[in-house]
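[1] quick one, what's the 3D model for this:
(one chain, ligands or ions: 1)
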Amino acid sequence: MIKSNNNPVKEIINEEVSLFSMWIRSVRRRAARPVSGVRSTGGDVRGSGGRGLAITPPMEEIPVDGPLIDEQSLTIEPAPPMLGLPPASIAGALLEFGITLASASQRVLMLDYDGTLAPFKVERMEATPYDGVREAVAQIMAMGDRVVIISGRLATEVATLINLDPMPEIWGCHGWERLVGGELSRLPLAPKQSERLFKAGYTLKNEGFQSRLEYKHGSLALHWRGTTEDEKSAILTAGLRAMEPASGVDMKMHRFDGGLELRATGRDKGVVVKEILSGLDPKTPVAYLGDDLTDEDAFRAVQSRGLGVLVRPEPRETAASVWLKPPEELIEFFGLWLKSTQRKS
Ligand SMILES: [Mg+2]
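    Next up, the predicted model:
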């Protein structure tokens, strides 16, 4: 506990800071651990000032004529300081986040869905949230904080799975659609983008991969979760063959955890986060929690303004600031967030 000179307000804030710092210490030890096989250009995987992993975001786009991502070739650069602080330590930055969170009147919690709030399932509509997630999100919303879910899925699918009333704001299809207050809005695609998505989907359907396809507004995903290595290889080969001709300025191929996706350019999770941030008071504390390569755009977007949290059973190269294991530490994070809000009211 931090001494507070008998000031009740300071005592409350210091207690929050203490709670966060205790939790953060355990996260920090793992976040600062170098990932096997990662090459650092700075000679120190902890980066300047030992801020934890300082890593160039993973290469998400697949070279049109190159091999799949070679993670050994990733180059690591020092990450920029977080929260406007000098790069003293990741614990210091997180401590600052705890103080900001505890003393703020408005806060924004941005969340990916699959792999972050819910475990992966081969049957995608069976991916309901981890125990305790619904309750935690509902309570955070009830305390007045803004919760935004940003997913690659259709927004309506996320709404069905999270099943909350009231429903949080949901951005679906990597930011091509938004569901808020029961109203679904979609940004228009260029005719060429629609045509290229249709052609790639048609090709893959005719090759027998219909059950592996997910048709979305602005993208086409090809899933291999739950398959053998041989099956995965066949799906990947077919996916590259069908999607590569569609790739260019207005369409890109992306790898995600469990598949390959052809996406219209112009929207991604980072764009959504930037749009949300642009409408906020710069002092508003924000956090983004995600697990997948598609979340790296969001981690980069939130890096200078708030906290990026990688939620994943295992660490990997990331632009997030800390890593936590779901579901226990995720629920713990929500609990600390909620506790700060409750203390504030
Ligand atoms: Mg995810």
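
[2] SS state for the closest residue to residue 325 other than its chain neighbours?
    Distances taken as Cβ to Cβ, 6 or more residues apart in numbering place residue 313 nearest to residue 325, at 5.9 Å, with adjacent residues excluded. In short, each C-beta sits where N, CA and C put it, glycine included. With DSSP: H, G, I helix; E, B strand; the rest coil as the basis, residue 313 sits in coil.

[3] against residue 253, how distant is residue 245?
    Here residue 245 is placed at a distance of 11 Å from residue 253 (Cβ to Cβ, to the nearest Å).

[4] likewise residue 199?
    Residue 199 is 14 Å from residue 253, by Cβ to Cβ.

[5] what's the answer for residue 340, then?
    For residue 340 relative to residue 253 (Cβ to Cβ), the value is 41 Å.

[6] the more surrounded of those two?
    Legend: neighbour count by other Cβ atoms under 10 Å for residue 340 and residue 253, higher for residue 340 (27 against 21).

[7] you'd agree the more buried one is up against residue 102?
    Yes - checked against Cβ atoms under 8 Å, the pair residue 340 and residue 102 is within contact range at 4.5 Å.

[8] follow-up on the earlier one: so what's the residue nearest to residue 325 scoring on pLDDT?
    For residue 313, the pLDDT comes out at 92.

[9] what residue in the stretch 201-345 of the chain comes nearest to the ion?
    When distances are taken as Cβ to the ion, the stretch 201-345 of the chain reaches nearest to the ion at residue 292, 4.0 Å away.

[10] residues in contact with that residue?
    112, 114, 115, 152, 256, 257 (Cβ atoms under 8 Å, 6 or more residues apart in numbering).

[11] ranking those by neighbours, who comes first?
    residue 152 (28 neighbours).

[12] and that one, how far from the ion?
    7 Å (Cβ to the ion, to the nearest Å).

[13] need the three-state assignment for the nearest residue to that residue once chain neighbours are set aside.
    Leaving aside its sequence neighbours, residue 152 sits nearest to residue 174 (Cβ to Cβ, 6+ apart; 5.2 Å). Secondary structure of residue 174, reduced to three states by three-state DSSP: helix.

[14] could you find the closest non-adjacent residue to the spatially most central residue of the chain?
    Residue closest to the mean C-alpha point of the chain, counted by Cα atoms, centre = their mean, is residue 290 at 2.5 Å. Nearest non-adjacent residue to residue 290, counting by Cβ to Cβ, 6+ apart: residue 112, 3.7 Å away.
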